[in-house]
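Student: Quick one, what's the 3D model for this:
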Amino acid sequence: MSGFWNVFTDEIKNLINSPKRLLAYVGLPLFLFYLYASIFGDGALHEIPVAIQDQDKSGLSRELIRQLDANSTINFTSDVNNEKNAMHQIRTGEVFAWITIPENFERDIQRGQNVDVVLNYNGNYLTPGGLLYKAFNQTLGTFSASAKVNVLMKKGQSLDQAKLSANPVTLDQHTLFNPSLNYSHYLSLSLFPMALQMCVMVVTIFTLGSILKYNQGKQTYERGGNAWNVYWGKVLPYTLLYFLLATVMITYLFGYLQIPLNCPISYVYIITFLFIIVTQLMGLFFVSIASDFRTLCTIGGGYAALAFSFSGYTFPAMGMPVGIQILDMVFPFSSYARMFTDLSIKGMPLFTNVNYLIGFSIFALIGIFSLPKFGVKLQKGHYEKD
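Tutor: As a prediction, this is how the structure comes out:
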């Protein structure tokens, strides 16, 4: 135990005597937290630029334009006369869509005829395109029902009869999770832990790898007495440091952002603490298998950076090829992200996430089983190629 304390106190002293390094270790994750918070601060896209082409110029067409413009998603920024001008504005990025109201719009509606109001939007931008499509359908549906009610009332139906005839089937919609459709709630739950994971991995491989890079392996091994003491003495200060930063992250997500929490907060802290430990153990594994410090940084950094892409958070894992779904299993972040969402957002019982905890255990064992090889490298003193 004295060996552990020797290495642990040495690392604490190194941190205190290197304020630049401490500032980098703390400042980088805090900067990433601030960056993501700033980017998604509004929660959702509003006032997306749209062009309008009104070929009817009637009172009813102007009423439709007013109703569309009243929707917080749509912002009419230009009035175009033809398709060529509208396409030019979409190609240059001035607008994301244009809406065409056809000629004889008012006359055909009053006659009870079907009228096509056309929405053309840029599908290359999925988020604004999807939001515009939804806002357009909602507004046009309301407008269409109102117009049909007026036509039916002119034919002699009462207001109640006309409303029932115009909309005989109603949709009773319930959004179970993230009911406000807040993009900040959706993305922050993955981007904040991702930033934390990358910092933990990079700091771990740098802390352990630099021992071997600068030929300090034998000296450190003698101070610790064995590889176990050296490992925990070196990484435990950062385990505590990043758990403190994780506390800041969790407080921001569920305190400041007020993301609905559907499980005891202790569950979130426990799985996040386990995630930090597992990430550090995977860092130990990379330190043990790398032949030099440059290779270590490439493998460890690449592994941490790719974790988000394979997690299936923004694109469902079930839609990925089978090979990619299997590859997804080699990242602890995937298990953490799904467990984090299942517990905190969906409120699922802890036992339903046992498979992810088993995954954590496997990753932890990979790191623990690499300790003997790490000890051999320490006793050699340095990487073979460095």
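Student: what about the stretch 101-250 of the chain, any weak spots by pLDDT?
Tutor: Scanning the stretch 101-250 of the chain for pLDDT under 70 picks out the ranges 151-152, 159-171, 173-175, 178-181.
Student: Quick check: chain neighbours aside, which residue is closest to residue 65?
Tutor: Closest residue to residue 65 apart from its sequence neighbours, by CB to CB, 6 or more residues apart in numbering: residue 52 at 6.0 Å. All C-beta spots, glycine's among them, are computed from the backbone N, C-alpha and C.
Student: what about that neighbour, neighbour count?
Tutor: Neighbour count for residue 52, taken as other CB atoms under 10 Å: 22.
Student: How about residue 215?
Tutor: 13.
Student: Likewise for residue 93?
Tutor: By other CB under 10 Å, neighbour count at residue 93 equals 10.
Student: Name the SS class of it, please.
Tutor: Secondary structure, DSSP: H, G, I helix; E, B strand; the rest coil: residue 93 is coil.
Student: sorry, back to before: paired strands for the strand or helix carrying the residue nearest to residue 65, with orientation please.
Tutor: Using DSSP states H and E, residue 52 sits in strand 48-54. The pairing partners recorded for strand 48-54 under DSSP bridges are strand 74-79 (parallel), strand 97-101 (parallel).
Student: average pLDDT across the first one?
Tutor: The predicted model assigns strand 74-79 a mean pLDDT of 89.
Student: circling back to that earlier point, roughly how far does the residue nearest to residue 65 sit from residue 68?
Tutor: Going from residue 52 to residue 68 by CB to CB, to the nearest Å gives 8 Å.
Student: Next, show the common contact partners of those two.
Tutor: 76, 99 (CB atoms under 8 Å, 6 or more residues apart in numbering).
Student: For residue 209, list the residues it contacts.
Tutor: Counting by CB under 8 Å, 6+ apart, the residues that residue 209 touches are 287, 290, 293, 296, 297.
Student: give the contact list for the third one.
Tutor: It stands for residue 293. Going by CB under 8 Å, 6+ apart, residue 293 touches 209, 210, 212, 213, 383, 386.
Student: domains for this protein, by residue range?
Tutor: 2-41+180-380, 48-166 (automatic domain parsing).
Student: circling back: what does the strand holding residue 52 rub up against?
Tutor: 61-62, 65, 68, 73-83, 85-86, 89-90, 94-101, 128, 131-132.
Student: List buried members of these by neighbour count.
Tutor: 61, 65, 68, 73-74, 76, 80, 86, 89-90, 95-101, 128, 131-132 (16 or more other CB atoms under 10 Å).
Student: Per-residue pLDDT of the residue lying closest to residue 213 once chain neighbours are set aside, please?
Tutor: Among residues not flanking residue 213 along the chain, residue 293 sits closest, at 4.1 Å (CB to CB, 6+ apart). At residue 293, the pLDDT value in this model is 89.
Student: what are the phi and psi values for residue 293?
Tutor: The phi/psi pair for residue 293 (degrees, to the nearest 10) reads phi -70, psi -40.
Student: That one and residue 103, how far apart?
Tutor: The value you get for residue 293 to residue 103, if CB to CB is used, is 71 Å.
Student: wait, doesn't residue 301 sit right on residue 199?
Tutor: No. Judged on CB atoms under 8 Å, residue 301 makes no contact with residue 199 at a distance of 11.2 Å.
Student: The two: who's more crowded?
Tutor: residue 199 (23 against 16).
Student: dump the residue contacts of that one.
Tutor: Going by CB under 8 Å, 6+ apart, residue 199 touches 25, 28, 29, 32, 242, 245.
Student: With respect to residue 144, which of these is nearest?
Tutor: residue 32 (45.9 Å; CB to CB).
Student: Next, count neighbours for the closest residue to the closest one other than its chain neighbours.
Tutor: Leaving aside its sequence neighbours, residue 32 sits nearest to residue 195 (CB to CB, 6+ apart; 3.8 Å). Residues lying near residue 195 (other CB under 10 Å) number 21.
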